[in-house]
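J.: Okay, structure incoming, though there's no sequence with it:
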């Protein structure tokens, strides 16, 4: 029974790692679509989001099935419920990558992001990618100290969003309201992507320490 | 045992209804703060979001506790997992109401929304409020037909968001990038609030019919 349960957990974990790798790859490709006006890349991200949604359903089914068969309690049950939360955050990260891709698609063949804004989006993408990499590793090997570091990276993301808004709101902004709105929404997509990575870190901390992190974002 | 389980479910349900009422009240007050530049109302919404977060934790605890004690299977287990999803959507709706309030607070004593945009935000708030009312009723008394109607209201919300963007992107838009960005983000907060209400409707349909609604938003 115990061995069977461990095999169930391993399967849930494997699904979450796959999902996490998929949403990381999605945002990388979406960023590339955004910064180089690459329509093919944008379309690929949009098409592939359904794969993330499918894994989300698989996690859900596997967790429900495991609870029903194994009737886990205490930390075993907590692990399974945490897996549900993590998969919901990952599913949303996939959606946000898709939103970035859709912005690139909508503006194609024009670039959605003018040259002045490209450096800040490049940096946002680097931070987001590092966070996605970290949660992929953490799901594989939970570590409360590393999970807590995600907060610091999220602060870096918030600073970048502020820097972005400074450019968008400059009196000399030359691109009009539409490009400003696209820029603000894109900034929000990256920032929310990072928020969900932080949520996942908090879930993992809760899993390891048994102490909930109260600050819901 | 069965009676005890039913009492547990009733308690979870009661928490969800309370939460749903709270996030409905939050967006009503946030809208009023937004449209009348009412700082006190904005602050109240921001302060009270912690109450929604607390109920969210209570649902989580109660569900885990019920699973551990009752070892439910099949539709009983599904009901409990659905409750987790619903509370996560409600928690996020509370956050979105808080974002609307924070926009009003940041711009106070100026109104965050210029006169031309007030009608469309008023309408968005009416649609959002109707959807929140509907999910409150549906959590109390699940009904797949009524739950499916939320989709139609969400379409109305999407139309309103498009109408909003038409104004924001008009060549004669006189208010500059900052007000355009605020308008776009506010529009997104209402639209996301409605999306989460649709998600809850889909969860309730799944609960009643056993058929998942595949379209994740």
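T.: Here it is on my side, so go on. What you see is a predicted model, and the numbers here were worked out from it, not measured in a lab.
J.: So what angle separates the directions of the host helix or strand of residue A:182 and helix B:176-209?
T.: Following DSSP states H and E, one finds residue A:182 within helix A:176-209. Angle of helix A:176-209 versus helix B:176-209, following axes from the mean of the first three to the mean of the last three CA atoms, to 10 degrees, is 50 degrees.
J.: Checking helix A:176-209 against chain B, do any of its residues make contact.
T.: Yes: Helix A:176-209 reaches chain B (CB under 8 Å from any CB of the partner chain) through A:176-178, A:180-181, A:184-185, A:188. Bear in mind the C-beta positions are built from the backbone N, C-alpha and C, glycine included.
J.: Please check these and keep the buried ones.
T.: A:177-178, A:180-181, A:184-185, A:188 (16 or more other CB atoms under 10 Å in any protein chain shown).
J.: Can you report how many residues neighbour residue A:130?
T.: 15 (other CB atoms under 10 Å in any protein chain shown).
J.: Let me fix that, I meant to ask about residue A:110.
T.: Residue A:110 has 11 neighbours, counted by other CB under 10 Å.
J.: if I pick residue A:5, what's in contact with it?
T.: Residue A:5 makes contacts with A:66, A:70, A:72, A:76, as judged by CB atoms under 8 Å, 6 or more residues apart in numbering or on different chains.
J.: Please repeat the previous calculation with a cut-off of 6 Å.
T.: residue A:70 (CB atoms under 6 Å, 6 or more residues apart in numbering or on different chains).
J.: before we move on, which element is it in?
T.: If you go by DSSP H and E, residue A:5 is part of helix A:2-36.
J.: how near is the residue positioned nearest the centre of chain A to chain B?
T.: Residue closest to the mean C-alpha point of chain A, counted by CA atoms, centre = their mean, is residue A:93 at 3.4 Å. Noted for residue A:93: a distance of 13 Å to chain B, by CB to the nearest CB, to the nearest Å.
J.: How many residues are close by residue A:61?
T.: For residue A:61, the neighbour count with other CB under 10 Å is 12.
J.: thinking again about what came up before, got the residues of helix A:176-209 next to chain B as TSV, with distance to residue B:162 and pLDDT columns?
T.: Shown next, in TSV, are these (distance: CB to CB, whole Å; pLDDT from 0 to 100):
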residue	distance to residue B:162	pLDDT
A:176	19	87
A:177	15	90
A:178	14	91
A:180	18	94
A:181	13	96
A:184	18	97
A:185	14	97
A:188	19	97
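J.: Can you list the low-confidence ranges for chain A?
T.: Of all residues in chain A, those with pLDDT under 70 make up the ranges A:1, A:212-217.
J.: and if we set it to 90?
T.: Scanning chain A for pLDDT under 90 picks out A:1-2, A:73-74, A:142, A:171-174, A:176, A:206-217.
J.: Figure out how far the helix holding residue A:5 is from the centre of its chain.
T.: In terms of CA atoms, centre = their mean, to the nearest Å, the centre of helix A:2-36 is set 10 Å apart from its chain centre.
J.: same deal with stretch A:70-83?
T.: Distance, stretch centre to chain centre, for stretch A:70-83: 24 Å (CA atoms, centre = their mean).
J.: now do stretch A:179-199
T.: Here the centre of stretch A:179-199 is set off from its chain's centre by 11 Å, with CA atoms, centre = their mean.
J.: same question, stretch A:118-130
T.: The mean C-alpha position of stretch A:118-130 is separated from the chain mean by 13 Å, CA atoms, centre = their mean.
J.: Show me what counts as buried in that stretch.
T.: Residues of stretch A:118-130 classed as buried by neighbour count (16+ other CB under 10 Å): A:120-121, A:123-125, A:127-129.
J.: Now residue A:63. Nearest residue, chain neighbours left out?
T.: Nearest residue to residue A:63, sequence neighbours excluded (CB to CB, 6 or more residues apart in numbering or on different chains): residue A:80, at 5.0 Å.
J.: which stretch of helix or strand covers the one you found?
T.: helix A:74-107.
J.: List, one by one, the residues from chain A near chain B.
T.: Contact residues, chain A versus chain B (CB under 6 Å from any CB of the partner chain): A:53, A:64, A:67-68, A:71, A:73, A:77, A:81, A:168-169, A:173, A:177-178, A:180-181, A:184, A:216.
J.: Now the buried members of these.
T.: Neighbour counting with 16+ other CB under 10 Å marks A:53, A:64, A:67-68, A:71, A:77, A:81, A:168, A:173, A:177-178, A:180-181, A:184, A:216 as buried within those.
J.: For the residues you listed, work out which two are farthest apart.
T.: Spanning the widest gap among these are A:71 and A:173, at 59.6 Å by CB to CB.
J.: ok, the residue nearest to residue A:63 to residue B:160 distance?
T.: 40 Å (CB to CB, to the nearest Å).
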